[in-house]
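>>> Sequence and predicted structure are below.
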Amino acid sequence: MNNKKELWQFFTPEYIANFMIELLKKNYDIVVNNNINFFEPSFWNGIFLKKLINNWSNNRYNINWTEIDVDLYNNVNQSINCFKQNSNIKLYNNDFFDIIKKYKQDKIKFDIIIWNPPYIKNNKINKNTINKIKNVSNYKWSWNLYYYFIKESIKLLKNGGLLIFITPITFLTNTYAKNLRNFLYEQGKFLAIYSLEEKKIFKDADIETAIFVYKKDNNNNNNNNNNNNIEIWIIKKDFNTNNKQISKEDFNIIKIDHFTKDNPIWSIHDKFINNQDSYKNEYNISNIIINDIFNVSVWMVSWYDKAFLINNKNVIDNFNINEQKYLINLVKADILYKDKFVPHKYIFIPKWKYKTENDFKKACPNIYNFLVEYKKKLENRYWSKSLKWWEWATVRNKEVFEDNNEYFFIPNITRKKIWFKRIQYRNDCILYGWWNLITLTFKKNIPEDDKDEYRKLITSKNFTDKINNLVPRKWWRKLFSQSFIANLIL
């Protein structure tokens, strides 16, 4: 077995481990207990363990380290044998979710937890791991595996304990991580976040990461803290990972208010995410939000785009009358860049329209012949097994798109500084918005006489200037989540 691939192992570079240890030493005074209890849920190549031993050689400590990979466990166990005689070091060849079950039963808590957890998307988590998660936590099908590592590690901390970890930063903005953010808010606070932006930190993975310093505080009230700010350290653009070293001089620092439970996402760049009221006063904006006037929608995901896209007009011309009605006009973010607006043509067969493959083939022979080339790959998509291979995996808000004949399209993410040029207003035919777009359509209760005013407002430069400062950034890009757009004040 290729353990590195199977276990999604992305080893922490030594210079990053050194930097995280320095952050730990800086915040050491927060840990009151002199007899420090350390824990790392997955020590992999043992980089943090070795650094801790070297840095805490004159301190009393208890180290509990666990690693599921037997080869890595054996290698690290042999390399630190000389230290075990003088320190209380316990290494376990075990799964994180097995060991935390034992810790919970024995009521063991830790002063410091430091790690780089595995990053595994929900559809890649194996059934055995899912069952283990269910034994110790509330399983959520939409969660990345590292979400559970964060949550369960915090549960294992003593009050006042520290969690220092490097992970993708997506849990701050992902819609599915809302419950995790609420848990983080209730259990303590971030002391500092070191955003590594889009720098390639891990050799075998293109993931955008940050280092987090989090303090558990069971009596936490983020609104009444003596220190009401989080230190946000943003890596400088000229930082070069090839140098294999990093320090605070490589970052620019800003301070933002502590995150709150009320915000749809947590942004490390924009103050709006913590306090929209100040912008209401500054810009004299009304209390009406976009969601009061518009349906805010995303639509569909095929999980295999190539199969349903038709670029050849000759293929379309051969479709019979019945098949023609299964062609849709789909708007993607890429056409918002272009001067000429030309939607993509896609095949879309409604769910459960045809009970059997033979029924589908008989009614739509040309579409069948077009799609059957991709049948095997379509069958292997991650989706509900109750759906047929010729159907789309996820369809949302279909009626909203079909009940309207005018749309405002906003991209999910853009690097453009003047992004209002990319908002498209269309009213020429029924359109569907791709998953990489936020689509606004008027709600049915909006009077016709009022719509013209809202059209002018949404597409105006003045409106864009008002909210351009509010749109949270994701590194050097603007982030447009569905919930964020819905809650923007007009």
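Noted; the coordinates are in hand.
>>> contacts and neighbour counts: CA atoms only from here.
OK.
>>> what number of residues lie near the closest residue to Ile108 other than its chain neighbours?
Closest residue in space to Ile108, ignoring its immediate chain neighbours: Leu156 at 7.3 Å, by CA to CA, 6 or more residues apart in numbering. Using other CA atoms under 10 Å, Leu156 is surrounded by 22 other residues.
>>> for Leu371, same thing?
That count, for Leu371 with other CA under 10 Å as the rule, works out to 18.
>>> What segments of the stretch 101-250 of the chain are helices?
Using DSSP state H, counting those that start in this stretch, the helices of the stretch 101-250 of the chain run over residues 127-136, 145-156, 178-187.
>>> Of the ones you listed, which shows the lowest average pLDDT?
Mean pLDDT values for the helices of the stretch 101-250 of the chain show the minimum at helix 127-136, a mean of 85.
>>> what's the spacing between it and its chain's center?
Chain-centre distance of helix 127-136: 22 Å, with CA atoms, centre = their mean, to the nearest Å.
>>> Likewise for stretch 159-178?
From the chain centre to the centre of stretch 159-178 is a distance of 10 Å (CA atoms, centre = their mean).
>>> Can you give the contact residues for stretch 314-325?
By CA atoms under 8 Å, 6 or more residues apart in numbering, the residues outside stretch 314-325 that reach it are 310, 363-364, 366-367.
>>> so who does Val136 touch?
Contact analysis of Val136 by CA under 8 Å, 6+ apart lists 97, 100-101.
>>> brain fart, Thr241
199-201.
>>> quick revisit: I'd guessed the residue nearest to Ile108 sits against Asp106; true?
No. Using CA atoms under 8 Å as the test, Leu156 is too far from Asp106 to be in contact (11.2 Å).
>>> for the stretch 301-450 of the chain, which spans come out with low pLDDT?
Applying pLDDT under 70 to the stretch 301-450 of the chain flags residues 382-385, 413-422.
>>> how much space between Lys338 and Ile438?
In this view, Lys338 and Ile438 are 18 Å apart by CA to CA, to the nearest Å.
>>> So those two - more neighbours on which side?
With neighbours defined as other CA under 10 Å, Lys338 and Ile438 compare such that Ile438 has more, 26 against 10.
>>> Look up the residues forming beta bridges with the more buried one.
Ile410 (DSSP bridges).
>>> Alpha carbons only: can I get the lengthiest strand in the chain in PDB?
Ranked by residue count and defined by DSSP state E, the top strand of the chain is strand 157-168. In PDB, the C-alpha atoms belonging to strand 157-168 read as follows (Å, rounded to 0.1, in the frame of the first residue of the first chain):
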ATOM      1  CA  LEU A 157      -7.600  20.500  25.800                       C
ATOM      2  CA  LYS A 158      -7.500  21.700  29.400                       C
ATOM      3  CA  ASN A 159      -9.200  25.000  30.000                       C
ATOM      4  CA  GLY A 160      -6.500  27.600  29.000                       C
ATOM      5  CA  GLY A 161      -4.800  25.000  26.800                       C
ATOM      6  CA  LEU A 162      -3.400  25.800  23.400                       C
ATOM      7  CA  LEU A 163      -4.100  24.300  20.000                       C
ATOM      8  CA  ILE A 164      -1.500  25.100  17.300                       C
ATOM      9  CA  PHE A 165      -2.200  23.700  13.900                       C
ATOM     10  CA  ILE A 166      -1.600  24.100  10.200                       C
ATOM     11  CA  THR A 167      -4.500  23.300   7.900                       C
ATOM     12  CA  PRO A 168      -6.300  24.600   4.900                       C
END
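>>> ok now it, how far from the chain's centre?
In terms of CA atoms, centre = their mean, the centre of strand 157-168 is found 19 Å from the chain centre.
>>> any residues touching that strand, and which ones?
Contact with strand 157-168 is made by 20, 24, 30-32, 109-117, 119, 146, 153-154, 207-218, as judged by CA under 8 Å, 6+ apart.
>>> That one pairs with which strands?
Strand pairing for strand 157-168, using DSSP bridges, gives strand 110-115 (parallel), strand 209-216 (antiparallel).
>>> can those go into CSV with extra columns for distance to Asn135 and mean neighbour count?
Converted to CSV, those look like this (distance: least, CA to CA, whole Å; neighbours: other CA atoms under 10 Å):
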stretch, distance to Asn135, mean neighbour count
strand 110-115, 21, 25
strand 209-216, 23, 23
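>>> Good, wrapping up.
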